[in-house]
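K.L.:
predicted model, plus sequence, below.
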Amino acid sequence: MKGKLDLLLRSLERVPWQLSGAVGFVSLIGVGFAAETSNRDAPADAAAGAPLSVSTSLSAGSIERLRTSGFVVIDHTLSDHTLATARAECAALSARSAFEPTEQHSAAVRSDSIMWLDSESAITNGTGLSAALQGLRGIAVHLASSERATWHGFAGRCSGHEELSLGVTRAAQLACYSVRRDERATADGRIRGVGSCEDSMEGECGGGAPDGQAVRPEQPDLSRPRGQATAERPTVERPTAELEGGPRTGDALRGAPLDVPIVDCGAIAVVTPPSEQPGGPRYVPHRDGIASLGPQGLFLPGIFMRELTAVLYLNEPLESPPPPVVTCRAERGARLAAAGSLLIYVGTDAGDTTGVTASSVVEIAPVGGRLVLFDSRTILHEVTPHTNPHADRIALTLWIGGPHNLTTLLQWIGRLAVSCRPAWASGR
């Protein structure tokens with residue numbers, strides 16, 4: 001009896017320490033989620049306030065395509081003046097060495113240079129970047145508005161009404177892919193000689209030809225994947241209907257934003273071995289978010305909260321009209337290789353990090369003023385090596401999703417137990 005009593009007493013002595021450890025762990029996790037929540041605004045708050053703000057209009061059709069396909073592409077979201085101003089401001093930022101290599105990944109994974117912009121810094125840096133940032137921050141209010149197509153999350157996600165989970169991050173990432181003329185790919189496919197923005201041959205991110213002469217990047221043939229015989233570029237009828245829109249401020253929008261047509265290339269994408277890929281800054285296949293709660297989600301709450309990625313390109317426009325989005329059937333993870341394009345791998349397995357299980361590959365050219373929205377958690381995507389030494393690839397990215405106050409945080413936590421893969425994911 002005495003032995004059993006001693007064992008019971010020793011067990012009771014350990015309980016407070018065990019409970020303390022559990023409480024401490026939960027508190028640590030809770031602090032992280034609370035901190036991320038405090039860094040997000042409600043959709044209505046994010047879209048209001050700044051005198052230079054611009055509301056990026058989304059039609060009900062665009063929202064439905066986003067929900068069912070996982071992505072949507074819209075052109076003409078910035079005026080020529082705003083776009084040129086934003087590029088000039090990027091050049092000024094680079095001259096001040098504001099862009100730095102990312103600390104998240106090695107150069108073998110991601111080799112661009114970045115900086116972070118919030119509303120205050122964007123206004124300080126100029127009107128172009130401020131308008132671009134406010135345009136991105138105004139997207140969520142269209143997704144959550146009951147007067148339009150109310151956002152119910154991505155199709156198949158099984159998370160119900162998502163209006164309370166559309167917190168808008170206060171800072172956006174400005175990324176510059178700058179290339180020098182002497183860049184080459186090494187035999188093993190690793191990038192050699194990648195310079196930062198300030199090391200560009202032309203001087204700065206957003207820079208172009210000297211003496212104010214615009215230089216258009218060489219336009220890749222988007223009608224065929226790399227390795228296929230040359231084919232005549234598909235002719236696309238441009239839509240003329242204006243997207244359903246809210247109020248617009250100043251000169252920020254370039255007329256009427258248009259959904260970009262998606263063209264089937266009529267071929268199978270051919271694998272390009274790493275040794276044959278060009279040198280230049282790139283970002284290997286990756287996902288922006290985390291699909292389910294686990295160790296990564298607990299310790300990286302900001303990434304786990306991401307529901308939607310919004311990318312706005314600030315490049316020089318390639319042509320008028322801009323090139324369409326091209327989709328090709330994939331074969332053994334094949335990928336297209338047009339320089340600087342965003343590739344979206346459709347139908348990949350949850351654990352696929354290379355695109356080998358994709359059913360198709362979508363190629364999106366980084367056209368100035370082009371807006372791309374896609375599912376942060378499940379869409380595997382890649383930035384192919386940017387190889388043009390005359391013009392930099394500039395992208396402003398904002399993430400939407402997650403709670404924005406204590407009430408929405410508690411409601412959001414209550415829905416974490418229910419999770420489904422969206423309709424475009426294979427789920428294998």
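P.N.:
Yes, it's here.

K.L.:
helices or strands up against the one helix or strand Ala122 maps to?
P.N.:
With elements taken from DSSP states H and E, the one containing Ala122 is helix 119-125. Under the contact definition 3 or more CB pairs under 8 Å, 6 or more residues apart in numbering; DSSP states H and E, helix 119-125 sits against helix 80-95, helix 127-137. Yep, even glycine has a C-beta here, placed from its N, CA and C like the rest.

K.L.:
element containing the residue nearest to Leu314 when sequence neighbours are not counted, please.
P.N.:
Spatial nearest neighbour of Leu314, chain neighbours left out: Ile394 (4.2 Å); criterion: CB to CB, 6 or more residues apart in numbering. Assigned by DSSP H and E, Ile394 belongs to strand 393-400.

K.L.:
the inter-axis angle of that strand versus helix 127-137?
P.N.:
40 degrees (axes from the mean of the first three to the mean of the last three CA atoms, to 10 degrees).

K.L.:
regarding the closest residue to Ala44 other than its chain neighbours, what is its secondary structure?
P.N.:
For Ala44, ignoring the flanking residues on the chain, the nearest one in space by CB to CB, 6+ apart is Val141 at 5.6 Å. Here Val141 is helix, with the state taken from DSSP: H, G, I helix; E, B strand; the rest coil.

K.L.:
and Val141, how far from Gly401?
P.N.:
Val141 sits 14 Å away from Gly401, going by CB to CB, to the nearest Å.

K.L.:
which positions in the helix holding Ala122 come out as buried?
P.N.:
Neighbour-count burial for helix 119-125, counted by 16 or more other CB atoms under 10 Å, picks out Ser119, Ser121, Ala122, Ile123, Asn125.

K.L.:
hmm, back to that, tell me the helix or strand right after the strand holding Ile394.
P.N.:
helix 406-414.

K.L.:
so what touches that next one?
P.N.:
By CB atoms under 8 Å, 6 or more residues apart in numbering, the list of residues contacting helix 406-414 from outside reads Phe33, Ala34, Thr37, Leu164, Ser165, Gly167, Gly402, Pro403.

K.L.:
redo those residues as a markdown table? Include secondary structure.
P.N.:
Below are the contacts of helix 406-414 laid out as a markdown table (three-state DSSP):
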| residue | secondary structure |
| --- | --- |
| Phe33 | helix |
| Ala34 | helix |
| Thr37 | helix |
| Leu164 | helix |
| Ser165 | helix |
| Gly167 | coil |
| Gly402 | strand |
| Pro403 | coil |
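
K.L.:
list just the nearest of the residues you listed to Gly61.
P.N.:
Checking the contacts of helix 406-414 against Gly61 by CB to CB gives Ser165 as the nearest, at 22.7 Å.

K.L.:
show me the beta-bridge partners of the residue nearest to Leu314.
P.N.:
For Ile394, the beta-bridge partners are Cys176 (DSSP bridges).

K.L.:
wait, it sits on Ala132?
P.N.:
No - using CB atoms under 8 Å, Ile394 is not in contact with Ala132; the gap is 10.0 Å.

K.L.:
joint contacts of these two?
P.N.:
Leu314.

K.L.:
so the two - more neighbours on which side?
P.N.:
Neighbour totals were compared for Ile394 and Ala132, and Ala132 leads with 32 against 26 (other CB atoms under 10 Å).

K.L.:
now do the contacts for the more buried one.
P.N.:
Counted by CB under 8 Å, 6+ apart, Ala132 has contacts Leu78, Thr82, Ala86, Ala122, Leu312, Leu314, Leu396.

K.L.:
hang on, the fourth one packs against Leu129?
P.N.:
Yes - when contacts are counted by CB under 8 Å, Ala122 is listed as touching Leu129 (4.7 Å).

K.L.:
any idea how far apart the tips of stretch 290-301 sit?
P.N.:
Counting by CA to CA, to the nearest Å, you get 9 Å between the two ends of stretch 290-301.

K.L.:
next, the buried residues of that stretch.
P.N.:
Ile290, Ala291, Gly297, Leu298, Pro301.

K.L.:
swap in stretch 353-360?
P.N.:
Buried, per 16+ other CB under 10 Å, within stretch 353-360: Gly355, Val356, Thr357, Ala358, Ser360.

K.L.:
and the furthest pair within these?
P.N.:
So, the buried residues of stretch 353-360 by CB to CB: farthest apart are Val356 and Ser360, at 13.1 Å.

K.L.:
what is in contact with those two at once?
P.N.:
By CB under 8 Å, 6+ apart, no residue touches both Val356 and Ser360.

K.L.:
sketch out the low-pLDDT regions of the stretch 301-428 of the chain for me.
P.N.:
318-322, 330-338, 414-428 (pLDDT under 70).

K.L.:
what are the boundaries of the helices in it?
P.N.:
Counting by DSSP state H, counting those that start in this stretch, the stretch 301-428 of the chain has helices at residues 301-304, 406-414.

K.L.:
having no further points to raise, I will conclude here.
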